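Q: need a structure here:
(chains A and B)
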Protein chains: 2
Amino acid sequence: MNNFTYYNPTTIEFGKEKENKIGDYLEQSGIKKVLLLYGGGSIKKNGLYEKIIISLNKNNIEYVELSGVVSNPLLAKVNEGITLAKDNDIEAILGVGGGSVADSAKAIAAGAMYNGDVWDFFINKAKIIEALPVFTVMTLSATASEMNGNAVVMNEDTKQKYSIASVLLNPKISVINPELMATVSKEYLAYSAVDIISHCIELYFTASSHPHFNSRIVEAIIKTVMETTEILLDDPNDYDARAEFAWAAIQALNGLTPAGTEGGNFPNHMIEHALSAIYNVPHGAGLSVVIPAWMKWYEAQNSIQFKRFAKEIFNEEGSAQGIEKLESWFVKIGSPTTLKAANIPRENIEELAINANSLAIIWGIGKIYSKDTIVEILEKA
Amino acid sequence: MNNFTYYNPTTIEFGKEKENKIGDYLEQSGIKKVLLLYGGGSIKKNGLYEKIIISLNKNNIEYVELSGVVSNPLLAKVNEGITLAKDNDIEAILGVGGGSVADSAKAIAAGAMYNGDVWDFFINKAKIIEALPVFTVMTLSATASEMNGNAVVMNEDTKQKYSIASVLLNPKISVINPELMATVSKEYLAYSAVDIISHCIELYFTASSHPHFNSRIVEAIIKTVMETTEILLDDPNDYDARAEFAWAAIQALNGLTPAGTEGGNFPNHMIEHALSAIYNVPHGAGLSVVIPAWMKWYEAQNSIQFKRFAKEIFNEEGSAQGIEKLESWFVKIGSPTTLKAANIPRENIEELAINANSLAIIWGIGKIYSKDTIVEILEKA
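A: Alright, predicted model coming up:
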C-alpha cells in the first residue's frame, strides 16, 4: 500500500428539501454575495431557481447571475464568470446544476483570485494558490465534482478539453437532493452510470498495486450503480435508488478509491476527452465507446484484475466474458459502444489520436499512449 | 435513504515514516505548544517517542508531557490533562498511542475549553461548543478515533464507561504508519479485529433501513479485516496487510457506513461497556463475548439482513450458520466468546445488566434494552 494523504473538507448536505437551506448554509459560512451560476434554464422551469432565490433572499445573500453553462463546459463562459466575479466583489460561487456547472464554478473560483489567464492552470503554467469558496446544488450525479477538487473545461479555440485539480476547489458545501434528479433523461442517466463506472475502473485496472480493500470498495460502487440504474430506467421516481446512485457516484471520485493505490492513470478519460472535444459527444457516451475497446487492448497487461472484475461484477470466469458483459450492459442501458453508434466517422481516428496524445503528454503518459497506440485502441471501437 | 450531513475534516497522513513529520504538521497548522499524551511508555522502548521529540524540536514546538493513559481510559487522567492544558497555555493535544490515547486527547481538548466538569459532556449535562485541536500518531488500529469525533472514557468512581461525540473533536491531522503497529500483540490484534467488525455490524443489523450500498461497504470492510487479520496472525510484519487493516478500521467508523441509514443503534457496544467498566476486560474481548449472544437473540428481528450477512461473508445459506461461523472465527483468532472465557462470573449478570441499562437510557434505547432483556442476552453468552 502506497503512502497517501487523505483530506476532503467538503460538507455534503444530502436529502429531501435541502436545497431550501442553501441560503442558510451560505449565511452560516459568512458569505454575503454570490455568483449564481447555472445552465440552460431548466431550473427555471422546474421551480428550483425560485427555491434558491427565496432561500438567498431570506438570508439576505446578494447574487449576480450567470446562465448558459453547457455540457463539456466552455472556457469562454468561465472567463465571463471570472470577469463578473472580479467586477462585483463576489465572495463565493454558487453552482446550481450538474457536473459542468460545478466544474465551471470551480474554474471561476480559481480564476477570480488570479491575475493571469485561468487557462494557465490547465496547461500547468501556473498553480492554484487561492480560490473563492464554491457551493453547489446538484441536479445530476456523475462526475462527483460535488465532493472533489477537479474541474474539466473545454477550450473551444484550441479544441482542448483539459482539467485542473486542487483541494482549494473542493466545494465548501454541496447540496444533493436526489428528488431534483428525477427529471434527468434516461439517456443522461445511462451516460452518468458509464461515467461513474469509468471513474471506478481506471485505477482498478491500471494501478501497479491496487489493495483488495480498494477493489472491494470499487466493486461495491459498480454493483450499486448497475443495480440502481436498472431500477431508475424502469421507474425514474424511485427515490431510494436515485439516492444510492447519487451517493455511490460521489464515493467513486472523492479520493476514497485511489487512497493507497500505486501508479495508475486515467487512459479512458484521456481518450474520451478527445472525442467530446472534437465531436461534442456527451462525456458518458464517449466513455462507453472507449472503455470496451481499451479493455480489450489492455486486458493482457493485468489479467488477474480483469478476471477478478468478471467474477465479482458478473459472476463470470474469464476476462473476455467480463468485458463482453460490460459492453452488453452499456448497450442495454442505451449508451453507444462503437464510434459508429456515436456518429464519429472512422476516418477521423487519426485526428482524435493526435488530440488525445497531446493530453496524454500533459498527464505524463504520452509515451505509453502514443498516437499510434491510441489509433490501435480506437480501431477496436 | 435517510437525509444526512457528511462532514469529516480530518486529514489522514498515511504511510511509512510519516511520524517523523508530526512537528511539520503542527507547525504548518500554526501550533507552537502541545500537550504530549501517551500510554505506558512502550513508545519510549520502541523509539517512537524519540522520533516525535526530534520532530517537535526541529519545528520549535514546545511540549508538556502526560503519560500513563490505560486502555479503557480513565477520567482521572483526563482531568489531569485538562489541568495541565489550562495551566500551561497549551494550544493543541498531541496523542501518541492507540484509541484510548486518542479518546483521552479529545476529552482533554474539550475539557480544556470548558469551565465546568468535563464529565458534564458525557452525561448530556453540557454540549461541546469549542475544543483545542487534536493531533494523533496512532500505534493501534481499531476504534477509528483517528478520524472521528468520538471519545469513550471510564469514570472509575461511578463505574460508568460513557462517550462523547462532536465534529469539533475530529483530529485535525492523524498520522497512520502501519509499521508502528507491527509490535501489537496477537491478542490485541484479534481484539481490534472484533472491534472493527462490531462497528460495522451494529447498524448493519439494527437500522430500520440500510441501503444496499452501505451493506456492500460494510461487507468490504469486514472481508478485508478478516483477510488481513489472518495474514497478520501468521506474519505480523506484512506491511500491506497491516495497512489495509488500518485503513479499513478507519472507514468502519468515520461516518461513511451510517450515512443514509435510518434508525439503528449500538447495542453490542452498550452491553460491552458494562463488561469493561466492571471487569476491565479489553473492549474487543468484551465485544466478542456479547456479539454472538446478541446476534442469536436479535436474529429474528431482521432475518433478511442476517441471511445476507451469512451469504456475503461466509457463503452460507442460513442466518444461524452466519452467526456460528462468526463465533468460530472469533475463537480461531483468539478472542473469547463466552463470559466464562472472559473470566466473568455468571452470577454477576444482574449487575452487568443494571450497568448496561443505565447507559441504554442515556443512549435513548432504555426501553428496548431493559435490565431483563440484557440479562436474557447475556445468558446466551
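Q: any idea of the pLDDT on the closest residue to A:E312 other than its chain neighbours?
A: Using Cβ to Cβ, 6 or more residues apart in numbering or on different chains and skipping residues adjacent in sequence, the residue nearest A:E312 is A:E219, 4.7 Å away. For every residue, glycine as well, the C-beta is placed using N, CA and C. pLDDT for A:E219: 98.
Q: same question for A:I362.
A: On pLDDT, A:I362 comes in at 88.
Q: can you check A:H212 too?
A: For A:H212, the pLDDT comes out at 97.
Q: same deal with A:K161?
A: Value for A:K161, per-residue pLDDT: 87.
Q: wait, isn't it in contact with A:V152?
A: Yes. Here A:K161 reaches A:V152: they are 6.3 Å apart, a contact under Cβ atoms under 8 Å.
Q: list the contacts for A:A92?
A: Residues in contact with A:A92 (Cβ atoms under 8 Å, 6 or more residues apart in numbering or on different chains) are A:L26, A:S29, A:I31, A:K33, A:V34, A:L35, A:A109, A:L132, A:P133, A:V134, A:F135, A:K172.
Q: show me what contacts the nearest residue to the fifth one once chain neighbours are set aside?
A: Think A:V34. Leaving aside its sequence neighbours, A:V34 sits nearest to A:L94 (Cβ to Cβ, 6+ apart; 4.4 Å). Residues in contact with A:L94, defined by Cβ under 8 Å, 6+ apart, are A:22, A:26, A:34-37, A:52, A:63, A:105, A:134-137.
Q: what of A:S185?
A: Counted by Cβ under 8 Å, 6+ apart, A:S185 has zero contacts.
Q: can I get the CA coordinates of the helix or strand hosting A:G95 in CSV?
A: Using DSSP states H and E, A:G95 falls within strand A:92-97. Extracted in CSV, the C-alpha atoms of strand A:92-97 (Å, rounded to 0.1, in the frame of the first residue of the first chain):
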residue,chain,number,x,y,z
ALA,A,92,-18.4,32.8,-3.4
ILE,A,93,-19.5,30.9,-6.5
LEU,A,94,-22.9,29.0,-6.2
GLY,A,95,-23.3,26.5,-8.9
VAL,A,96,-26.7,25.0,-9.5
GLY,A,97,-26.8,22.2,-12.0
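Q: from the chain's centroid, how far away is that strand?
A: Here strand A:92-97 is found 16 Å from its chain centre; the criterion is Cα atoms, centre = their mean, to the nearest Å.
Q: stretch A:360-372: which residues count as buried?
A: Buried residues in stretch A:360-372, counted by 16 or more other Cβ atoms under 10 Å in any protein chain shown: A:A360, A:W363, A:I365, A:G366, A:Y369, A:K371.
Q: tell me the two of the residues you listed that are most distant?
A: A:W363 and A:K371 (14.8 Å; Cβ to Cβ).
Q: now stretch A:34-44: buried residues?
A: A:V34, A:L35, A:L36, A:L37, A:Y38, A:G39, A:I43.
Q: give me the neighbour count for the residue lying closest to A:G260 once chain neighbours are set aside.
A: Distances taken as Cβ to Cβ, 6+ apart put A:M1 closest to A:G260, at 4.2 Å, once the chain neighbours are dropped. Look at A:M1: counted by other Cβ atoms under 10 Å in any protein chain shown, it has 24 neighbours.
Q: go on, A:E317?
A: 11.
Q: what sits against A:L256?
A: So A:L256 contacts A:Y6, A:I217, B:Q251, B:L256 (Cβ under 8 Å, 6+ apart).
Q: which of those has the largest number of neighbours?
A: Highest neighbour count within the contacts of A:L256, by other Cβ under 10 Å: A:I217, with 26 neighbours.
Q: tell me the secondary structure for that one?
A: Classification of A:I217 using DSSP: H, G, I helix; E, B strand; the rest coil returns helix.
Q: residue contacts, the residue in the stretch 51-200 of chain A positioned nearest to chain B?
A: Of all residues in the stretch 51-200 of chain A, A:P178 sits closest to chain B, at 7.5 Å by Cβ to the nearest Cβ. By Cβ under 8 Å, 6+ apart, the contact list for A:P178 reads A:G15, A:K16, A:S141, A:Y239, A:R242, A:A243, A:F245, A:A246, B:M1.
Q: same thing with A:I377?
A: A:I271, A:V290, A:A293, A:W294, A:W297.
Q: among the residues you listed, which ones are in strands?
A: Assigned to strands by DSSP state E, none of those qualify.
Q: any chance of these in TSV, with neighbour count too?
A: Rendered in TSV, the data for these read as follows (neighbours: other Cβ atoms under 10 Å in any protein chain shown):
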residue	neighbour count
A:I271	28
A:V290	30
A:A293	22
A:W294	28
A:W297	18
